[in-house]
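Engineer: Sharing a sequence plus its predicted fold:
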Amino acid sequence: MASRIEDYAVIADRQSIALVAKDGSLDWLCLPRFDSDACFAALLGTPDNGRWKIAPEGEVRAVRRRYRPGTLILETEFETPDGAVTLIDLMPIFGQGTDVVRIVAGQRGRVPMRMELLLRFGYGAIVPWVRAIEGGIEAVAGPDALRLITPVMTHGEGLSTVAQFSVGAGERVPFVLTWSPSHLPDPGYVAAEQALTATEANWRAWSDQCTVTGPYREIVQRSLITLKGLTYQPTGGIVAAATTSLPERIGGMRNWDYRICWLRDATFTLYSLMNAGYFDEARDWTLWLLRAVAGDPSQLQILYGIAGERRLPEVELDWLPGYEGSRPVRVGNAAALQLQLDVYGEVMDALHLARRVGLAPTEAGWALQRTLMGYLEKIWQEPDEGIWEVRGPRRHFTHSKVMAWVAFDRAVKGVEQFGLEGPLERWRAVRDRIHESVCREGFDAGVGAFVQSYGSKEIDSSLLMLPLVGFLPATDPRVLGTVRAIESSLLRDGFVARYATHPAVDGLPPGEGAFLPCSFWLADNYALQGRTAEAVDMFERLSGLANDVGLLSEEYDPVTRRLVGNFPQAFTHVSLINTALNLTAPRGPAEQRKED
């Protein structure tokens, strides 16, 4: 069985990412891109689905791990009766996205070690052909080739490659795994120690640019490094998470592929990057966004591939038993085909922000934005699947209408603040009609709160966004009532659920963990309402859920006290960054977004 989600750390080279457990087992890796087929898939199955474990052969008395400061270079220290060793894991950053380097460094005594390598291409389904080569082995299946180079003697055991060796104090034993297309010549491999030095310097140069100060600098910087690790460097796209199909409830079927870029995250991501001093990454993300959404506005999707791909067919991998039996295992995401009106608001909001801070020329993308607004003007009154991508019937979701209002509000500001050409009075009129519609149909006087959808009595934590996007002030009685209703019905054990899950709403069996971004949004609302002590308490409780190396997943199960959902989750780390800045900066993202 795979390790607990919180027992994983990640290493990355800004083109792909690997999950490494506390026991030294690398259980998840897709090469050469985040969304490629996995060559190690034990995370969603068993070791026979592929893993790479390096660990002491005998008893392990204690395990400690950390990242080297400012990097994604992982160090795991094993204490044994014979001594201590440190396993150093990294993916070198040289622009190729091909290598994984593991170095075993002796600390004390002499420790017997064992390496076990099970390569399985095609998400654990394909056993490759393996042969010995100079300095190691080569494994080939179809389009993929992997070569392991090490000074340690290896041999085959069944369908795996193993090695037994020992490491004494001061000794260092390297292992370098290199991917390449199988039809091309051997690309060679990196020298492990040189790769370690160069990669550490590269990460430190990047992380030292962080401008955040104050009591939360360390956890914010770690979240920023995690975001960078989830960024596909060639295009600037940021994947939602490193994994697919980690369940929102252990044993359940709410298991989705998050190795994809969501438009919804755009504005949050831009604020978090820019307020921390990372304007290059914010610019690259903006340019990715413009490229991805270009085209017929009726074909706007809620999510795209890391290079802007539109076809993301959802397929179930029936040979994988799933994380702790959570099936099905899915790759691709059928939500790409849904209508979600809120993404128009996120796109317009993000491009307005980019324009305001000079990330893109004033005219860049404006023709596209005008076209999007013309289409949204025709469809904003239609029902949709909403922010939570429900697989039940379409509804008039209140949050979707609010974000349609955001789209027209930012279009109006494009004309008013930047002198861009557009039908100003018509956009103002549509903006006013949407606002009136939401206040009339989306607010239930009997409940005393805005509700999930028109005519519903359900409460939904997406409505915490109303003051954060400037739709209504945080102190408006209707917003205060909505926050109270969310506290009453969705705040459980100090954490916020998205909504009350049941098949009538989302077409799926009930049950999931608390959605961590929503919990951060509640802290943001507290901060805007002047409830500072409660905001700080909420933030510190949430940030305290991060594992020993500062990583968070999508959700948290307060009953089992476990992280659940895909991991690490970009949206969670973005939300953490923004809430930390809302609490410590003179003018945080929440104030900026509602005013600008």
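Structural biologist: Received, thanks.

Engineer: can you give me the strands in the stretch 201-350 of the chain?
Structural biologist: 231-232, 237-238, 261-262, 303-304, 315-316, 330-331 (DSSP state E, counting those that start in this stretch).

Engineer: no wait, the stretch 401-550 of the chain
Structural biologist: Using DSSP E, counting those that start in this stretch, strands in the stretch 401-550 of the chain cover 443-444, 449-450, 491-492, 495-496, 514-515.

Engineer: can you list the ones you listed in CSV and add mean neighbour count, mean pLDDT and distance to Val104?
Structural biologist: For the C-beta atoms, the positions are set from N, CA and C on the backbone; glycine is no exception. What follows is the strands of the stretch 401-550 of the chain, written out as CSV (neighbours: other CB atoms under 10 Å; pLDDT from 0 to 100; distance: least, CB to CB, whole Å):
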stretch, mean neighbour count, mean pLDDT, distance to Val104
strand 443-444, 19, 98, 61
strand 449-450, 26, 98, 56
strand 491-492, 15, 90, 44
strand 495-496, 22, 93, 39
strand 514-515, 26, 90, 39
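
Engineer: what would the ones you listed look like in a markdown table with distance to Gly83?
Structural biologist: Converted to a markdown table, these look like this (distance: least, CB to CB, whole Å):
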| stretch | distance to Gly83 |
| --- | --- |
| strand 443-444 | 66 |
| strand 449-450 | 61 |
| strand 491-492 | 46 |
| strand 495-496 | 42 |
| strand 514-515 | 42 |
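
Engineer: among those strands, which is nearest Arg484?
Structural biologist: Arg484 lies closest, by CB to CB, to one member of the strands of the stretch 401-550 of the chain: strand 449-450, at 7.2 Å.

Engineer: Which strands or helices does that closest one pack on?
Structural biologist: strand 443-444, helix 477-489 (3 or more CB pairs under 8 Å, 6 or more residues apart in numbering; DSSP states H and E).

Engineer: who's in contact with it?
Structural biologist: With CB atoms under 8 Å, 6 or more residues apart in numbering as the test, strand 449-450 has contacts from 398, 438, 442-444, 459, 463, 466, 478-479, 481-482, 484-486.

Engineer: what are the pairing partners of that strand, and which direction each?
Structural biologist: Partner strands and pairing direction for strand 449-450 (DSSP bridges) are strand 443-444 (antiparallel).

Engineer: The nearest residue to Arg283 once chain neighbours are set aside sits in which helix or strand?
Structural biologist: Nearest in space to Arg283, with sequence neighbours left out and distances taken as CB to CB, 6 or more residues apart in numbering, is Leu359 at 4.7 Å. Following DSSP states H and E, one finds Leu359 outside all helices and strands.

Engineer: can you pull the contacts of Leu359?
Structural biologist: Leu270, Phe279, Ala282, Arg283, Thr286.

Engineer: Ranking by neighbours, what's the top pick from those residues?
Structural biologist: Leu270 (27 neighbours; other CB atoms under 10 Å).

Engineer: wait, which of the strands of the stretch 401-550 of the chain is closest to Thr243?
Structural biologist: Across the strands of the stretch 401-550 of the chain, closest to Thr243 is strand 514-515 (CB to CB), at 16.7 Å.

Engineer: Check what contacts that closest one and list those residues.
Structural biologist: Ser461, Arg492, Asp493, Phe495, Val496, Ala497, Arg498, Glu554, Glu555, Tyr556, Asp557, Pro558.

Engineer: The first one touches Arg492, doesn't it?
Structural biologist: Translated: Ser461. No. With contacts defined as CB atoms under 8 Å, Ser461 does not count as touching Arg492, sitting 11.4 Å away.

Engineer: Would you convert the helices and strands packed on strand 449-450 into JSON lines that also reports distance to Pro321?
Structural biologist: Formatted as JSON lines, the helices and strands packed on strand 449-450 follow (distance: least, CB to CB, whole Å):
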{"stretch": "strand 443-444", "distance to Pro321": "44"}
{"stretch": "helix 477-489", "distance to Pro321": "35"}
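
Engineer: Out of those, flag the one nearest Ala18.
Structural biologist: Among the helices and strands packed on strand 449-450, helix 477-489 sits nearest to Ala18 (CB to CB), with 37.2 Å.

Engineer: Put the alpha carbons of the closest one into PDB.
Structural biologist: Written as PDB, here are the backbone C-alpha positions of helix 477-489 (Å, rounded to 0.1, in the frame of the first residue of the first chain):
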ATOM      1  CA  PRO A 477     -25.600  42.700   6.100                       C
ATOM      2  CA  ARG A 478     -26.200  40.100   3.300                       C
ATOM      3  CA  VAL A 479     -22.600  39.100   3.300                       C
ATOM      4  CA  LEU A 480     -22.400  39.000   7.000                       C
ATOM      5  CA  GLY A 481     -25.500  36.700   7.000                       C
ATOM      6  CA  THR A 482     -23.900  34.500   4.400                       C
ATOM      7  CA  VAL A 483     -20.700  34.100   6.400                       C
ATOM      8  CA  ARG A 484     -22.800  33.200   9.500                       C
ATOM      9  CA  ALA A 485     -24.700  30.600   7.400                       C
ATOM     10  CA  ILE A 486     -21.400  29.100   6.200                       C
ATOM     11  CA  GLU A 487     -20.100  29.000   9.800                       C
ATOM     12  CA  SER A 488     -23.300  27.300  10.900                       C
ATOM     13  CA  SER A 489     -23.700  24.700   8.200                       C
END
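
Engineer: got any ranges where the stretch 51-200 of the chain has weak pLDDT?
Structural biologist: 95-97 (pLDDT under 70).

Engineer: at 90 instead, please
Structural biologist: 94-98, 185-189 (pLDDT under 90).

Engineer: Just the helices from it, written as ranges.
Structural biologist: 121-124, 192-207 (DSSP state H, counting those that start in this stretch).

Engineer: How are the helices of the stretch 451-596 of the chain distributed by residue range?
Structural biologist: Using DSSP H, counting those that start in this stretch, helices in the stretch 451-596 of the chain cover 465-468, 477-489, 503-506, 516-528, 532-543, 570-584, 589-595.

Engineer: okay if I get these as CSV plus mean pLDDT?
Structural biologist: Shown next, in CSV, are the helices of the stretch 451-596 of the chain (pLDDT from 0 to 100):
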stretch, mean pLDDT
helix 465-468, 96
helix 477-489, 97
helix 503-506, 64
helix 516-528, 97
helix 532-543, 97
helix 570-584, 96
helix 589-595, 77
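
Engineer: closest one to Ala84 among those?
Structural biologist: Using CB to CB, these put helix 532-543 closest to Ala84, at 30.4 Å.

Engineer: For that closest one, which helices and strands make contact with it?
Structural biologist: Taking 3+ CB pairs under 8 Å, 6+ apart as the contact cut, helix 532-543 packs with helix 516-528, helix 570-584.

Engineer: Confirm for me that Trp52 is in contact with Val176.
Structural biologist: No. Trp52 is beyond contact range of Val176, at 11.8 Å (criterion: CB under 8 Å).

Engineer: follow-up on the earlier one: which one of the strands of the stretch 401-550 of the chain lies nearest to Ser543?
Structural biologist: Per CB to CB, nearest to Ser543 of the strands of the stretch 401-550 of the chain: strand 495-496, 12.7 Å.

Engineer: so what secondary structure elements neighbour the closest one?
Structural biologist: Short answer (3+ CB pairs under 8 Å, 6+ apart): strand 495-496 packs on strand 514-515, helix 516-528.

Engineer: Would you format these as a markdown table with distance to Met538 included?
Structural biologist: Shown next, in a markdown table, are these (distance: least, CB to CB, whole Å):
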| stretch | distance to Met538 |
| --- | --- |
| strand 514-515 | 12 |
| helix 516-528 | 4 |
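
Engineer: Any idea which of those gets closest to Pro32?
Structural biologist: Comparing these by CB to CB, helix 516-528 comes nearest, at 29.7 Å.

Engineer: now the closest one and helix 570-584, what's the angle there?
Structural biologist: 10 degrees (axes from the mean of the first three to the mean of the last three CA atoms, to 10 degrees).

Engineer: Sounds good, over and out.
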